[in-house]
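S.K.: Next one to model:
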Amino acid sequence: MDKPKDTNEYIAGFSPEIQKLLEQVRQTVQKTAPDAEESISYGMPAFKLNGNLVYFAAFTNHIGFYALPSGNEAFQKEISNYKTGKGSIQFPFDKPLPLDLIAKIVKFRVEENIQKSGLKKKK
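M.R.: Now for the predicted structure:
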């Protein structure tokens, strides 16, 4: 896949089944962080609000969700059933997407970014 110019183009590059999952993640992030700006970063859909918020992408067998290390650290118990990396979570295609968990993580990241931006302004 060539580097997509926007999230719509990224999602359109997948099968209808995967498009549906990607849209569910996208809509969950949009609903939870309505002021976040969509973009493409590192070749995948990204949301920014007072800095990088979250990224997501489709792979061969899973949706990758990237909430940076702090998002994973704050939800270790909730994400323990998923394969994770330092800042990534893999949601397998053969299980329902945990949209409530995604929303919780996004809300955490929004609050974290607001706090960080407030600290920067005070300095």
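S.K.: any idea which helix is longest in the protein?
M.R.: helix 99-122 (DSSP state H).
S.K.: Tell me the gap between that one and the middle of its chain.
M.R.: Centroid separation for helix 99-122 versus its chain: 13 Å, with Cα atoms, centre = their mean, to the nearest Å.
S.K.: Any stretches of this protein with poor pLDDT?
M.R.: Flagging of the chain using pLDDT under 70 yields the residue ranges 1, 119-123.
S.K.: rerun at 50
M.R.: 123 (pLDDT under 50).
S.K.: and the lengthiest strand in it, what does it pack onto?
M.R.: The residue-count maximum for a strand in the chain (DSSP state E) belongs to strand 52-58. Packed against strand 52-58, as judged by 3 or more Cβ pairs under 8 Å, 6 or more residues apart in numbering; DSSP states H and E, are the following elements: helix 16-32, strand 44-48, strand 62-66, helix 68-74, helix 99-122. C-beta here means a position set from N, CA and C on the backbone, and glycine is covered the same way.
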